[in-house]
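Asker: pasting the structure only:
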Ligand SMILES: Cc1cc2nc3c(=O)[nH]c(=O)nc-3n(C[C@H](O)[C@H](O)[C@H](O)COP(=O)(O)O)c2cc1C
């Protein structure tokens with residue numbers, strides 16, 4: 001059984017290229033070996049990550065990610081059973097959220113990712129991936 005999870009979290013410290021490179025290197029090694037695919041969006045002090053794969057594998061990884069000291073305030077926005085992957089080509093695609101992007105709305109009081117629906121946030125991640133803000137990542 002396959003599932004897809006979406007969570008949001010707040011970065012601890014600045015989201016530097018080194019931190020990102022370390023996370024993506026782990027993703028490349030671990031996710032490919034465990035059949036995990038997805039997207040990691042970062043910017044404005046936030047992470048938004050989609051993880052998809054076998055339910056037990058996704059749960060195991062999510063539990064590890066929860067304990068990672070590089071972020072906090074991790075909240076699951078969506079958990080669903082799926083028939084097919086949305087991001088089959090990516091062990092972890094990487095999207096940077098520029099300041100002039102729609103994601104800026106996250107900082108507005110009327111738009112809070114911690115309050116938005118999972119459906120809305122999944123759609124937003126899709127738009128960011130399709131919208132050309134994907135800057136690479138680890139291919140599956
Ligand atoms: C925002 C964020 C996303 C992460 N995504 C993944 C991921 O997709 N796959 C992965 O193996 N580790 C990911 N990690 C790293 C894990 O939290 C953890 O450090 C790594 O799996 C090694 O775990 P271990 O030290 O228990 O072996 C992520 C970390 C952060 C902060």
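Answerer: Yep, that arrived. Note that the coordinates shown come from a computational prediction; the quantities given were computed from them, not determined experimentally.
Asker: any residue of the longest strand belonging to the chain touching the ligand?
Answerer: Among the segments of the chain that qualify as a strand by DSSP state E, the longest is strand 71-82. Yes. Contact between strand 71-82 and the ligand, assessed by Cβ under 6 Å from any ligand atom, occurs at residue 71. (Glycine included, C-beta is placed from N, CA and C.)
Asker: pull out the buried positions in that strand.
Answerer: 71, 74, 77-79 (16 or more other Cβ atoms under 10 Å).
Asker: lowest average confidence, helix or strand, in this structure?
Answerer: Ranked by mean pLDDT, DSSP states H and E, the weakest helix or strand in the chain is strand 134-139, scoring a mean of 64.
Asker: before we move on, back to that, what is the longest strand of the chain packed up against?
Answerer: Here strand 71-82 touches strand 2-11, helix 55-66, helix 118-128, going by 3 or more Cβ pairs under 8 Å, 6 or more residues apart in numbering; DSSP states H and E.
Asker: give me the angle between the last one and strand 2-11.
Answerer: In this case it means helix 118-128. 80 degrees (axes from the mean of the first three to the mean of the last three Cα atoms, to 10 degrees).
Asker: all set, thanks.
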